[in-house]
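Asks: return a 3D structure for these sequence lines:
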Amino acid sequence: ALAGYGTSAAIIFAVRCNAKVCERGSGGDEVGVWERIGRAAYGRLGVVSIISSLLIAQLGLSAAYYDFIVVTIMQHAALSHLHALAVTWVLLTLVSMIRKLSSVAILSLVGLITYIYIIALLVAYSSEALDCSAANASLTADQLQCAAKNGDIAGISPICHPGAAEPIAMATWSGFGAWFGPAVFAFEGMGTAMSIYASIGESMAEDAPPGTSSTIVRRYTDRAFRWVVGGAYSCGVVIYVCVGALGYLAFGSSVEGTILESFPEGPAKANAQIVLAVVLGCTFALQMNPVWGVIEPAILGRGDYSAAWPVLRGVVVALIAIACVLIPAVDAMISLSGAVGFSLLGFILPGLFFLKLNPNASVAVTLDRSVAAGLESMGRAESPGASANGGWGATLRKNALDVVVAIALVAIGCTGSVLGVYDVFQQQQHP
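Replies: The predicted model follows:
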């Protein structure tokens, strides 16, 4: 919930920053949303920081997808690591040739539908594990482990994982670093969300009646997008909590980071792995869309890229393959990408940009307004906005909440990033 709602708050902050920058007349339509916000906040440093974190986050996410697809091909197609890398490169390069988000959305929808199969398996396994634990509550953990391994005790299924018989363990702060990277990775949609936001704005501008001002179009876009973000992340929190709870019920504290690895060996697990690999392949183009939006204008220039853009995309996918060779473990790639790239992109930078750009989040401005309201109440000054939108008291409370949320995003992001990177290196040294 912390990762999900923190990220959704950061996305809303980014949208509000973009609106404020556009109202001030900074940037232009030809400038990307992130570049516009970063430049308005901290100049060239802001642009470099946000673009760097965007590339790290999205390329790391895409590399994790690539890693999983390679492993799946090796397991089920009996190919060597090198051949699996080559096959995956061909498939993902072809997917990367899709340039319109509308086409990518169709692939993503197909991918989301296939997730139902994996969730159905998890529900079945967790139900069986609960029944098994209740029927064999008198057995010790060692007996249950032996039975689950050998299947030589009547009434015990191989899904009766010994971890399911353990008492529920409470979360502790010592595991914050190990949790933060994967959690932020799982919920992080900051890079793709802003690409979708820009695409929605372009569509609304095309469909708007002639003569409609850009300000009106942007306000409608912002309002629609906030509802989409709020609904999507609320649903995501519910789904992830349910999946996490079911996984813990089924496999206990020994549940794997990638829950498919905890499934018992058999056709169901193999099918689930293949389905997930297809899902990740379908959504690869969506995750890479922000990357293309950055590197193609920078390398090829803005406008029509003619025949050069397919070559560039193929080269970038090849570089991702090299990264997978250097970091072949899917869990390590996920944790590192979440702790570094997505922590910067989804927590730290949106909070800093919001505090810098939005006057409503400025403590100084808020105090000035509260002083003006106090003077007005004593009849010593006039404040034209004192009675608007519920008065300065309501404004003060809203501003204070914005400041607290923005500061919390920065603090949580910095802490989680440091602890997350430390945990990844500890795991690599002591697997």
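Asks: okay, CA-based contacts and neighbour counts for the rest of this
Replies: Will do.
Asks: list the contacts for the nearest residue to residue 276 once chain neighbours are set aside?
Replies: Counting by CA to CA, 6 or more residues apart in numbering, residue 115 is the residue found nearest to residue 276 once chain neighbours are left out, at 7.3 Å. Neighbouring residues of residue 115 by CA atoms under 8 Å, 6 or more residues apart in numbering: 275, 276, 279.
Asks: can you put these in JSON lines and add pLDDT?
Replies: Output for the contacts of residue 115, formatted as JSON lines (pLDDT from 0 to 100):
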{"residue": "275", "pLDDT": "84"}
{"residue": "276", "pLDDT": "85"}
{"residue": "279", "pLDDT": "82"}
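Asks: got phi/psi on residue 79?
Replies: Reported as degrees, to the nearest 10, the phi and psi values for residue 79 are phi -100, psi 160.
Asks: mean confidence for stretch 339-358?
Replies: Mean pLDDT, stretch 339-358: 86.
Asks: gap between that stretch and the chain center?
Replies: Centre-to-centre, stretch 339-358 and its host chain are 14 Å apart (CA atoms, centre = their mean, to the nearest Å).
Asks: ok, longest helix in this structure?
Replies: helix 33-77 (DSSP state H).
Asks: next structured bit after the helix or strand bottoming out on mean pLDDT in the chain?
Replies: Here the helix or strand of the chain ranked lowest by mean pLDDT, DSSP states H and E is helix 363-377, holding a mean of 42. Sequence order places helix 391-429 as the next helix or strand after helix 363-377, per DSSP states H and E.
Asks: what packs against that next one?
Replies: helix 176-187, helix 330-337, helix 343, helix 349-357, helix 363-377 (3 or more CA pairs under 8 Å, 6 or more residues apart in numbering; DSSP states H and E).
Asks: after the first one, which helix or strand is next?
Replies: Pointing back at helix 176-187 there. Immediately after helix 176-187, counting by DSSP H and E, sits helix 190-207.
Asks: list the buried residues in that following helix.
Replies: Neighbour counts over helix 190-207 (16 or more other CA atoms under 10 Å) mark 190-202, 204-205 as buried.
Asks: likewise stretch 290-299?
Replies: For stretch 290-299, by 16+ other CA under 10 Å, it's 290, 291, 292, 294, 295, 296.
Asks: contacts for that stretch, please.
Replies: So stretch 290-299 is contacted by 51, 54-55, 58-59, 191-192, 195, 302-303, 309, 312-313 (CA under 8 Å, 6+ apart).
Asks: now with 7 Å, please.
Replies: Residues outside stretch 290-299 that contact it (CA atoms under 7 Å, 6 or more residues apart in numbering): 55, 58, 191, 192, 195.
Asks: and it, how far from the chain's centre?
Replies: With CA atoms, centre = their mean, you get 20 Å for stretch 290-299.
Asks: now stretch 268-283
Replies: Using CA atoms, centre = their mean, the offset of stretch 268-283 from its chain centre is 19 Å.
Asks: that one: which residues count as buried?
Replies: Those buried within stretch 268-283 under the rule 16+ other CA under 10 Å are 269-270, 272-283.
Asks: just put the residues you listed in CSV and tack on secondary structure.
Replies: Below are those laid out as CSV (DSSP: H, G, I helix; E, B strand; the rest coil):
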residue, secondary structure
269, helix
270, helix
272, helix
273, helix
274, helix
275, helix
276, helix
277, helix
278, helix
279, helix
280, helix
281, helix
282, helix
283, helix
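Asks: out of the residues you listed, who's nearest residue 321?
Replies: Comparing those against residue 321 with CA to CA places residue 281 closest, at 13.9 Å.
Asks: how about the closest one, what does it touch?
Replies: residue 92.
Asks: mind doing that once more with 8 Å?
Replies: Per CA under 8 Å, 6+ apart, neighbours of residue 281: 65, 69, 91, 92, 95.
Asks: what about the fourth one, distance to residue 177?
Replies: To tie it back to what came earlier, the one meant is residue 92. 31 Å (CA to CA, to the nearest Å).
Asks: okay, the residue nearest in space to the middle of the chain: pLDDT?
Replies: When CA atoms, centre = their mean is applied to the chain, the residue found nearest the centroid is residue 188 (1.3 Å). pLDDT, residue 188: 70.
Asks: quick one: the helices in the stretch 101-250 of the chain?
Replies: 101-135, 141-150, 176-187, 190-207, 214-251 (DSSP state H, counting those that start in this stretch).
Asks: export those helices to JSON lines and tack on distance to residue 262?
Replies: Converted to JSON lines, these look like this (distance: least, CA to CA, whole Å):
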{"stretch": "helix 101-135", "distance to residue 262": "10"}
{"stretch": "helix 141-150", "distance to residue 262": "13"}
{"stretch": "helix 176-187", "distance to residue 262": "17"}
{"stretch": "helix 190-207", "distance to residue 262": "29"}
{"stretch": "helix 214-251", "distance to residue 262": "7"}
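Asks: picking up where we left off before, which one among the contacts of residue 115 gets closest to residue 329?
Replies: The closest of the contacts of residue 115, once distances to residue 329 are taken by CA to CA, is residue 276, at 16.7 Å.
Asks: show me the residues around the closest one that make contact.
Replies: Residue 276 neighbours (CA under 8 Å, 6+ apart): 114, 115, 118.
Asks: now with 10 Å, please.
Replies: Contacts for residue 276 (CA atoms under 10 Å, 6 or more residues apart in numbering) come out as 65, 68, 69, 72, 111, 112, 114, 115, 117, 118, 260, 282.
Asks: so what touches stretch 311-318?
Replies: Applying CA under 10 Å, 6+ apart, the contact partners of stretch 311-318 are 59, 62-63, 66, 85-86, 88-90, 92-94, 96-97, 288, 291-292, 295-296, 299-300, 309, 319-324.
Asks: just the buried subset of the residues you listed, please.
Replies: Applying 16+ other CA under 10 Å to the contacts of stretch 311-318 flags 59, 62-63, 66, 85, 88-89, 92-93, 96, 288, 291-292, 295-296, 309, 320-321, 323-324 as buried.
Asks: hang on, isn't the residue nearest to the centre of the chain packed against residue 9?
Replies: No. Residue 188 lies out of contact with residue 9 (CA atoms under 10 Å); the separation is 11.5 Å.
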